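In: With the input below, show me the fold.
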Amino acid sequence: SLSLTCYPCWRFPPPKMALSLSDDSSGEEDDLTILFSDTCMLADQDRNDKYEAAISAAIRKVATSNDSVHVLDVGTGTGLLSMMAIRHGATDVVACEMFKPMAAVARCVLEDNHMAQHITLHSTKSTELSVSDVVEGGVDIVVSEILDSELLGEGVLPSIRDAMQRLANPDAIAIPSGASVFVQAFTSKDIRHWHHIESSLAGTPLNGFQKCPGNSTMHDVHVHALRDYITLVSTPTAIVDFDFRNVFADGVYTSKPVPLPLHEGTKQVDGLIVWWNLYLDESITIDTRPAWLDGAATAPREHWMPCVYVFENPLQCTEHSPCLVQLYHDDYSLWFAEANLGKEKKEEDGDGQEQQRPYQQEHNPRPLPCVKPAVLDVALRCDRQKQLAPYYCTCGIHNILPWRRIWQLNQAPYLACVEESIQTLPPTLQHAIVLGNGGVTALALQSYFPDCALTVVDQLPPSQQYTQQLLIAQKRCKQQGDDPETAQPQLDRVNFVRCTQDILPERDDASSTCVVAVSDMFYAIGSMPWDSVLHFWRDVSSLSNRITHCVPQCAHFMAALVQFEHLHSMRHKLDVVSGFDMRAYDDAVYPGATSMSTHQLWEHDHTLLSEPASAIPITFLTKRQDINTTTQITAVSRGHVHAFVVFVNINFDDQHVVTGYSKIPSPTIQAVYMLETPLSAEAGQTFTLLAHLGKDSDAPTFNLVS
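Out: Numbers count the residues shown, from 1 in each chain. Alright, predicted model coming up:
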């Protein structure tokens, strides 16, 4: 038999780690198992080959006029690009990697490949290097790969700007030399629901009391999986061009208005599909175009994807009024807005004269072959950043509720489960305790049990305020004859506290015979599929001697065997990359035979080889305790088991179950336990899954035995 022990690796890291892989990020973390995107990037042979070809060409070009070739590698990671430079004739390389655990791995990789004597590795940001750390006169080539799906999020602009200005000679080559951003307009109610709550519960609009626009966000998703849920309303067009050899000073910049080439009859644009074309040299490019365009990558990349951008408000289009958009950017972000030709922002000098600067004028954009480029006009530096800032949340709620939660609040089946399960509570209900962050269950409780005392337990002030505003809006709707704008209903039977220990004892004294703990199962802290479930169970356990009913009643950690089309090829031990020994990286990132990362499986082509089986059942009214289970999972079809997936089903009552898995776009996420070596499965073959959930643990562990 084969026993597989699982270790965690997150695709969605905590916020403090979001930039940890970039050269100019901050934060310390010893757990290298978060480096999911690094593994996917290193496994991208197309990317590796193109970078190596560009590095080789640049070294040959410099060597025609110089006796030596000096290279700076910004954000080296494992040191792969540095080693490529030495292999192709560079005299030496100065490499920097500020993420110290990764820098330690890079030192081992360089030693294993006998490169340490040629490559000087600094465990710091490139912006913290001194001029004396590089060759006198500056390096000849600056190579970097600090790019994310949005292009700028890992700090490529400030890092390369500093390197080219301080650490490179005037004729230095930048790899990459630049990039172009492309967009394609779409309309989609489903994707609009990622940003805007348009639903109601118990007759009360969940966003009706406020006009907050939410947050301007780029969503990096596998957009090919959304193709059936969006309507493309334009042809692709280039919108702006970046020259990494001549990066502007820090500030906010905007392109001139670019007309979207809309399809005939288009009346509305909800957002843009955004991707980039990266120029490694004059002839070598990498792009992240969507799969529906000619020339797209044959297999979806996990580390670079097209992005989805949703406008603050849909753009309205008419036959006689062209839809013009502008791209804005600072050092780390891109955002878009509808162009207003009457209010162009201009930078003026001390004499009041307009200073127009050509936007990367020396860099000639090379658009995708299938795309007719837009005219890339002049861009203007704008110091009035308040006017040009991306739209942002003004209510505080969107900073607490992630886009998946906003999407969930637009799901009619989910809201029906919440509302209908509360309607089944006993009519004698005297006290309800609402648990979670920004709980909307309070609306249903106040609607169907108006005489019930209500305690909302929420440790986050913005989400407390959200629930309070919903309850006030609901009462306003019921006040006959009052002006809803001026009425100030009193929530005299509602108490807000920050933890269960703060609940007033008189709320459920000895005469209280029916007390319920209720949650719509959202806690803002945590990104794993089981985090909210375990938070809720912990809270209920602390109240178990005071409550008689619980909604939801129970939950099941479900497990199933999975065969992937592509994902497994991007999530495995590397061994050798482009001829270089990467076993030191494997040993650091993969401490066991199986690793876990979170995904939205609807983004990935896959097949469930078994029916989901309950691996860990939880009844919330029972005290938290150690749980150990053995589950038999039977394959229903023949295939290769690349992983097993774990998700959580929540039973609000016997008739209302919210599942944590979907093959169509949904706000759920799943934990994927990728196997180092795929297992062969035949229909009827049984696999054994051992599961453990500790009494005080924040996560389960699993062990698959074949």
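In: At which residues are the strands of the stretch 351-500 of the chain located?
Out: Listed in chain order, the strands of the stretch 351-500 of the chain (DSSP state E, counting those that start in this stretch) span 380-382, 431-435, 453-457, 494-497.
In: quick one: which of those strands is nearest Ser541?
Out: If you check each of the strands of the stretch 351-500 of the chain against Ser541 by CB to CB, strand 431-435 wins as the nearest, at 11.4 Å. (C-beta placed from N, C-alpha, C; glycine too.)
In: Just the buried positions in the closest one, please.
Out: 431-435 (16 or more other CB atoms under 10 Å).
In: returning to what we had before: let me have the strands of the stretch 351-500 of the chain in TSV, extended by mean pLDDT and distance to Asp220.
Out: Listed next are the strands of the stretch 351-500 of the chain as TSV, based on pLDDT from 0 to 100; distance: least, CB to CB, whole Å:
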stretch	mean pLDDT	distance to Asp220
strand 380-382	40	26
strand 431-435	94	32
strand 453-457	93	34
strand 494-497	92	36
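In: just those: most buried one?
Out: The highest mean neighbour count among the strands of the stretch 351-500 of the chain, using mean count of other CB atoms under 10 Å, belongs to strand 431-435: a mean of 26.
In: quick one: contacts of that one?
Out: The list of residues contacting strand 431-435 from outside it, by CB atoms under 8 Å, 6 or more residues apart in numbering, reads 441-442, 445, 449, 452-458, 467, 500, 503, 507-508, 512, 514-519, 536, 539-540, 543, 547.
In: Of these, which belong to helices?
Out: Counting by DSSP state H, the contacts of strand 431-435 place 441-442, 445, 467, 536, 539-540 in helices.
In: Give the next helix or strand downstream of the helix or strand Leu327 falls within.
Out: Per DSSP states H and E: Leu327 is located in strand 324-329. From strand 324-329 onward toward the C-terminus, using DSSP H and E, the following helix or strand is strand 334-338.
In: Direction included, what does that next one pair against?
Out: Using DSSP bridges, the strands paired with strand 334-338 are strand 324-329 (antiparallel).
In: Please list the residues outside the strand it pairs with that contact it.
Out: For strand 324-329, the surrounding residues in contact (CB under 8 Å, 6+ apart) are 152, 181, 183, 239-240, 252-260, 272, 315, 334-339, 341, 388, 390.
In: Let's see that with 7 Å instead.
Out: Applying CB atoms under 7 Å, 6 or more residues apart in numbering, the contact partners of strand 324-329 are 152, 181, 239-240, 252-255, 257-260, 334-339, 388.
In: Quick check: PyMOL command selecting the buried ones in these.
Out: If you want just the buried ones from those in PyMOL, going by 16+ other CB under 10 Å, the selection is:
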select buried, resi 152+181+239+240+252+253+254+255+257+258+260+334+335+336+337+338+339+388
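In: Below-threshold pLDDT in this protein: ranges please.
Out: 1-37, 208-211, 297-298, 340-389, 396, 479-490, 504-512, 591-593 (pLDDT under 70).
In: list the contacts for Asp140?
Out: Asp140 is in contact with 62, 66, 69-71, 169, 172-173, counting by CB under 7 Å, 6+ apart.
In: change it to 10 Å
Out: Asp140 makes contact with 58-59, 61-63, 65-66, 68-72, 90-91, 168-169, 171-173, according to CB atoms under 10 Å, 6 or more residues apart in numbering.
In: Can you select the buried ones from these in ChimeraX?
Out: Selecting just the buried residues from the contacts of Asp140 in ChimeraX takes one command, with 16+ other CB under 10 Å as the test:
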select :58,59,62,63,69,70,71,72,90,91,168,169,172,173
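In: The contacts of Asp140 in strands, which ones?
Out: The strands, defined by DSSP state E, take in 70-72, 168-169, 171-173 from these.
In: Closest one of the residues you listed to Lys573?
Out: Checking the ones in strands among the contacts of Asp140 against Lys573 by CB to CB gives Val71 as the nearest, at 28.4 Å.
In: Pairing partners for the closest one in the sheet, please.
Out: Bridge pairing for Val71 - DSSP bridges - gives Val93, Ile141.
In: got it, and Gln184?
Out: Under DSSP bridges, the beta-bridge partners of Gln184 are Ile273.
In: so what's it up against?
Out: Gln184 makes contacts with 223, 230, 232-237, 260-261, 272-275, 289-290, 292-293, 306, 371, as judged by CB under 10 Å, 6+ apart.
In: mind exporting stretch 640-658 as CSV, just the C-alpha atoms?
Out: The C-alpha coordinates for stretch 640-658 follow below in CSV (Å, rounded to 0.1, in the frame of the first residue of the first chain):
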residue,chain,number,x,y,z
HIS,A,640,-5.5,8.6,-13.1
VAL,A,641,-5.9,10.0,-9.6
HIS,A,642,-3.9,13.1,-9.6
ALA,A,643,-5.3,14.4,-6.4
PHE,A,644,-8.2,14.3,-4.0
VAL,A,645,-10.3,17.3,-3.3
VAL,A,646,-11.9,18.3,0.0
PHE,A,647,-14.8,20.7,0.4
VAL,A,648,-17.4,21.4,2.9
ASN,A,649,-21.2,20.8,2.6
ILE,A,650,-23.3,22.8,5.1
ASN,A,651,-26.6,21.4,6.3
PHE,A,652,-28.8,24.3,7.4
ASP,A,653,-31.5,21.7,8.1
ASP,A,654,-32.6,18.4,6.6
GLN,A,655,-33.9,20.0,3.4
HIS,A,656,-31.4,22.8,2.9
VAL,A,657,-27.8,22.0,2.0
VAL,A,658,-25.2,24.4,0.6
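In: buried residues in that stretch?
Out: Buried positions in stretch 640-658, judged by neighbour count with 16+ other CB under 10 Å: 640-653, 656-658.
In: Among those residues, which ones are in strands?
Out: Per DSSP E, the buried residues of stretch 640-658 map to strands at 640-651, 657-658.
In: The residues you listed: which two are farthest apart?
Out: His640 and Asn651 (32.4 Å).
In: Surely Asp220 is in contact with Trp276?
Out: No. If you go by CB atoms under 10 Å, Asp220 and Trp276 don't touch, sitting 11.6 Å apart.
In: intersection of neighbour lists for these two?
Out: Joint contacts of Asp220 and Trp276 (CB under 10 Å, 6+ apart) are 149-150, 288, 304, 306-307.
In: now the residues you listed as TSV including distance to Trp403 and secondary structure?
Out: Converted to TSV, those look like this (distance: CB to CB, whole Å; DSSP: H, G, I helix; E, B strand; the rest coil):
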residue	distance to Trp403	secondary structure
Ser149	15	coil
Glu150	15	coil
Thr288	20	coil
Trp304	20	coil
Pro306	16	coil
Cys307	13	strand
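In: With respect to Ala95, which of those is nearest?
Out: Trp304 (21.8 Å).
In: Would you check how far apart that closest one and Val74 are?
Out: Between Trp304 and Val74 the distance is 18 Å, computed by CB to CB, to the nearest Å.
In: swap in Asp67?
Out: For Asp67 relative to Val74 (CB to CB), the value is 24 Å.
In: what about the nearest residue to Asn313 once chain neighbours are set aside, neighbour count?
Out: Spatial nearest neighbour of Asn313, excluding adjacent residues (CB to CB, 6 or more residues apart in numbering): Pro213 at 7.4 Å. Other residues near Pro213 number 18, with proximity taken as other CB atoms under 10 Å.
In: again with Gly439
Out: So Gly439, with other CB under 10 Å, has 25 neighbours.
In: Check Ser697 too.
Out: 13.
In: Now it: which helix or strand?
Out: For Ser697, there is no helix or strand it lies in under DSSP H and E.
In: Quick check: it touching Gln625?
Out: No. Taking contacts as CB under 10 Å, Ser697 lies outside contact range of Gln625: 11.1 Å.
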